[in-house]
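Chemist: Give me the fold of what follows.
(chains A and B)
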Amino acid sequence: MNPEILEGFLLASLPMSLMATAAGALLGLIVGMIPGMTISTGIIIVLPVTFVLDPVTSVSLLLGLYVGGMMGGSFAAVLLNIPGTPSASATALDGYPMSVRGEAGLALGTAIIASFIGGLFSFCCLYFIAPLLAEVALQFRAPDLFSLIFFGLTIICSFAAKSLVKGLLSAVIGLMLVTVGMDPVMGTARFTFGEVNLMGGVHFLTAMIGLFAVPQLIENLISRQAGQSDERAQSRIISLLPNLKQLSRMIKPVSIGSITGAFLGILPGVGGPIAAFISYDYTKKLSKNQQDFGKGCIEGIAAPESANNAVTGGALIPMMTLGIPGDPVTAILIGALMIHGLEPGPLLFMERGDFAYSVIFAFFWANIFNLIIALSSLRLLVKLLAAPKALLMPSIAILCVVGSYSLRNNFFDVYVMFFFGLLGLAMRWLNMPIVPLLLALVLGGQLEEHLRVALTGSRGDVSIFFTSPVSLLFLILSMVSIIWSFYSARNGKKDG
Amino acid sequence: MAVTAGYAYQTSHLPERTLPNTPDPSFFPWINTVLALVLIFALLYQGLFIKKNNNNPLVKNRKNGLALLALAVFLVFIITLPYLGFILAAIPFVAVFMWFYGEQRKTVLIIGALGIPVILYVLFRHGFGVMLPRGILAGLIA
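Modeler: Below is the predicted model of the structure:
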């Protein structure tokens, strides 16, 4: 066995790492199940804590939260018909009818087991695929890396945007913001207006806190004013674990969900909601009892739940091997790793193989703890659905300020966070997706760097991007992605 | 469009440090400018010539005064934070936000407004070593 694998396992299995994973999973379950809270918000809340922890413990905590949040989203979907996270939307289709029938316990038990299997399947994918992909990615040169990141951006925009133009514009705004600060190749100050704090550029995490948390605080306030958020949970849970016959009915949907979720998770930008709905649709089409779907059947819960948890491991693959986030949460994880001086990408496996494997095993433990905590404390957790937002929301607002301030103990970051909050709010009100902007902030710096390094190497000859087979492949894929986006946007309009 | 124009203006004033046959620091910002302009005109075209059915419920709430008020309170909080210190600035902020979120009971408001800032201050300053500002309470609290 590769010694780095063993070291990674030991690092992830240290008592402190395990405690962090368990705490993260518990927090994730809580955050995921509270409607109006997202996994991203949960991560923002714990970010300041991770700054003082060592990298492995930090990642364990964040991965626990990521995995727990995915599962927690289904609790509110089943009990309130309000998905706690967007990924749990498909779960509500059959989960809530079961809850209405008095089978909330069975529905939640099915969701927990399916999520666990989906997560474990994606762990296997992560364990076997990530190191191989990293080895391939190590051969990439500057033109290849530019084309790869460009591909990542196009596919993200096409999936994230309801309006392609707005999605692309959001990404361009992100690319513009990335150019603030020192130029990555020559060190020239750009768009700093003489402000010393801007020399280092806009800190990605500060921007992210503002973009996600501030609009959510305001929108929750608006929803409250509109009287949309005072639902009460059905907190009476009777039976939880499915019997053998019910378990056997879960095999096919869980298999479909796990494979679909892990595969779609690898593609940047697809995310849990799409994977959940696609697996739900496939399972329904392949089922003999199609008429039961939507009325409360366990297959309709097992498929989307296994899919959205399988997405988590899938999304970690491009993050760890290529440095390209699979979804907003992995984008935040990249930022969190950068705080500790670790840059995800192919070099991570080469230079810090022990750490790379510790991330993989932390993900494994996150799934295990998630199952244990969810099954053992479900009855208690559902009571939190009635938690008062009057205490929760001001605390989140303050944590946003603390989180952005603690990055560099600098108030300038707090003001930047607020600016991004206003920007995020304006974008939401204009129906402009935030995710492309966020990902452009993550990838933009590298995009410019590789573009300029490649052009410098070729003495300004742009044909270098077309003569390298890898670069050409990614550029073709980018074109396919853009054309496909236009095509699906047109079809969507026709259908609409 | 105004932002893009400003960005383009600033880009045109970037210093030139070009080595032979290499893109200078304004190269990438110019690409962004062109892309932004193309997309802005596409959006303008969509807005002017393609009829859209806008059913977004948020649009109806756009003028929600409470949201603007909440943002104003948030802004006041972050501006006063360095001067008043974390605890003193956060107490009225939490109280107002709790009230915005529907908490009317005076006892809960007082306990929450005092408890949340103090707990978070102690946790982050003494637990995690984040140097949250003490402001005018500098001589009184650790």
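Chemist: Relative to residue A:396, how far out is the nearest residue to residue B:135 once chain neighbours are set aside?
Modeler: Nearest non-adjacent residue to residue B:135, counting by Cβ to Cβ, 6 or more residues apart in numbering or on different chains: residue B:85, 2.1 Å away. Quick note: C-beta positions are derived from backbone N, CA and C, even for glycine. Distance from residue B:85 to residue A:396, counting by Cβ to Cβ, to the nearest Å: 21 Å.
Chemist: Kindly report the same for residue A:432.
Modeler: Using Cβ to Cβ, one obtains 23 Å as the distance from residue A:432 to residue A:396.
Chemist: Wait, residue A:110 touches residue A:242, no?
Modeler: Yes. Using Cβ atoms under 8 Å, residue A:110 is in contact with residue A:242, at 5.7 Å.
Chemist: neighbour count winner among the two?
Modeler: A side-by-side neighbour count of residue A:110 and residue A:242, using other Cβ atoms under 10 Å in any protein chain shown, places residue A:110 first with 34 against 21.
Chemist: Could you verify that that one is part of a helix?
Modeler: Yes. Assessed with DSSP: H, G, I helix; E, B strand; the rest coil, residue A:110 lies in a helix.
Chemist: so what's it up against?
Modeler: Contact analysis of residue A:110 by Cβ atoms under 8 Å, 6 or more residues apart in numbering or on different chains lists A:242, A:246, A:250, A:298, A:301-302, A:305.
Chemist: If we use 7 Å, what do you get?
Modeler: A:242, A:250, A:298, A:301-302 (Cβ atoms under 7 Å, 6 or more residues apart in numbering or on different chains).
Chemist: ok, of the residues you listed, which one's closest to residue B:48?
Modeler: Within those, the smallest distance to residue B:48 is 45.9 Å, found for residue A:301 (Cβ to Cβ).
Chemist: Let's verify that closest one: helix, strand, or coil?
Modeler: Here residue A:301 is recorded as helix under three-state DSSP.
Chemist: Could you measure from the nearest residue to it once chain neighbours are set aside over to residue A:250?
Modeler: Leaving aside its sequence neighbours, residue A:301 sits nearest to residue A:110 (Cβ to Cβ, 6+ apart; 4.8 Å). Look at residue A:110 and residue A:250: by Cβ to Cβ, they are 7 Å apart.
Chemist: now residue A:29
Modeler: 21 Å.
Chemist: more crowded one of these two?
Modeler: More neighbours surround residue A:29 than the other of residue A:29 and residue A:250, with 31 against 22 (other Cβ under 10 Å).
Chemist: Model confidence score at the more buried one, please.
Modeler: Looking at residue A:29, its pLDDT is 88.
Chemist: secondary structure element for it?
Modeler: Applying DSSP states H and E as the criterion places residue A:29 in helix A:15-33.
Chemist: How about residue B:45?
Modeler: In this structure, residue B:45 is located in helix B:27-49 according to DSSP H and E.
Chemist: Contact partners for residue A:27?
Modeler: Applying Cβ under 7 Å, 6+ apart to residue A:27 gives the contacts A:42, A:46, A:65, A:68.
Chemist: Filter those down to just the ones in helices.
Modeler: Using DSSP state H, A:42, A:46, A:65, A:68 are the members of the contacts of residue A:27 that sit in helices.
Chemist: Any regions of chain B where pLDDT drops low?
Modeler: Where chain B drops to pLDDT under 70, the residues are B:17-21, B:50-63.
Chemist: mind giving me the domain ranges of it?
Modeler: Domain assignment for chain B by automatic domain parsing gives B:2-49, B:60-137.
Chemist: How far does the last one sit from its chain's centre?
Modeler: Per Cα atoms, centre = their mean, to the nearest Å, the displacement of domain B:60-137 from the mean C-alpha position of its chain is 15 Å.
Chemist: and what of the first one?
Modeler: On the basis of Cα atoms, centre = their mean, domain B:2-49 sits 25 Å off its chain's mean C-alpha point.
Chemist: what ranges do the helices span in chain B?
Modeler: Here chain B has its helices, by DSSP H, at B:2-12, B:27-49, B:57-60, B:65-84, B:86-100, B:106-121.
Chemist: Identify the residues contacting the second one?
Modeler: Same thing as helix B:27-49. Helix B:27-49 is contacted by residues A:165-166, A:168-169, A:172, A:175-176, A:179, A:190, A:448, A:451-452, B:1, B:4, B:7-8, B:11 when judged by Cβ under 7 Å, 6+ apart.
Chemist: Now with 6 Å, please.
Modeler: Contacts to helix B:27-49, defined as Cβ atoms under 6 Å, 6 or more residues apart in numbering or on different chains, come from residues A:165, A:168-169, A:172, A:175-176, A:179, A:448, B:1, B:4, B:7-8, B:11.
Chemist: which regions of the stretch 1-150 of chain A sit below the pLDDT cut-off?
Modeler: For the stretch 1-150 of chain A, residues meeting the criterion pLDDT under 70 lie at A:1, A:35-36, A:82-84, A:86.
Chemist: for chain B, what are the nearby residues on it?
Modeler: By Cβ under 6 Å from any Cβ of the partner chain, the residues of the stretch 1-150 of chain A that approach chain B are residue A:52.
Chemist: tell me the contacts of the residue of the stretch 1-150 of chain A found nearest chain B?
Modeler: Nearest residue of the stretch 1-150 of chain A to chain B: residue A:52, at 4.6 Å (Cβ to the nearest Cβ). Counting by Cβ under 6 Å, 6+ apart, residue A:52 touches B:128-129.
Chemist: Now do the SS call for it.
Modeler: Recorded secondary structure, residue A:52: coil (three-state DSSP).
Chemist: With respect to burial, which of the helices of chain B scores highest?
Modeler: Using mean count of other Cβ atoms under 10 Å in any protein chain shown, the stretch among the helices of chain B with the largest mean neighbour count is helix B:86-100, at a mean of 22.
Chemist: so, in contact with chain A or not, that one?
Modeler: Yes. Contact of helix B:86-100 with chain A (Cβ under 6 Å from any Cβ) involves B:90, B:94, B:97-98, B:100.
Chemist: Which residues does that helix contact?
Modeler: A:221, A:390, A:394, A:398, B:70, B:73, B:77, B:80-81, B:109, B:112-113, B:116-117, B:121, B:132-133, B:135.
Chemist: circling back: report the buried residues of the helix holding residue A:29.
Modeler: Residues of helix A:15-33 classed as buried by neighbour count (16 or more other Cβ atoms under 10 Å in any protein chain shown): A:17-18, A:20-33.
Chemist: can you give me how far that helix is from the chain middle?
Modeler: That offset, for helix A:15-33, works out to 16 Å (Cα atoms, centre = their mean).
Chemist: follow-up on the earlier one: of the ones in helices among the contacts of residue A:27, which pair is most distant in space?
Modeler: Distance extremes for the ones in helices among the contacts of residue A:27: the farthest pair is A:46 and A:68 at 11.5 Å, using Cβ to Cβ.
Chemist: and those two? which has more neighbours close in?
Modeler: Neighbours were counted for residue A:46 and for residue A:68 using other Cβ under 10 Å; residue A:68 has more, 32 against 23.
Chemist: what sits against that one?
Modeler: Here residue A:68 is in contact with A:25, A:28-29, A:370 (Cβ under 6 Å, 6+ apart).
Chemist: And for residue A:330, nearest residue in space, chain neighbours not counted?
Modeler: Using Cβ to Cβ, 6+ apart, the nearest residue to residue A:330 is residue A:319, at 4.2 Å.
Chemist: Specify the local secondary structure of that neighbour.
Modeler: Applying three-state DSSP: residue A:319 is helix.
Chemist: Wait, a strand at residue A:461?
Modeler: No. Assigned with three-state DSSP, residue A:461 falls outside any strand and is coil.
Chemist: Now for the residue nearest to it when sequence neighbours are not counted, how many residues are close by?
Modeler: Closest residue to residue A:461 in three dimensions, ignoring its sequence neighbours and counting by Cβ to Cβ, 6+ apart: residue A:455, at 7.6 Å. Burial of residue A:455 is recorded as 22 neighbouring residues (other Cβ under 10 Å).
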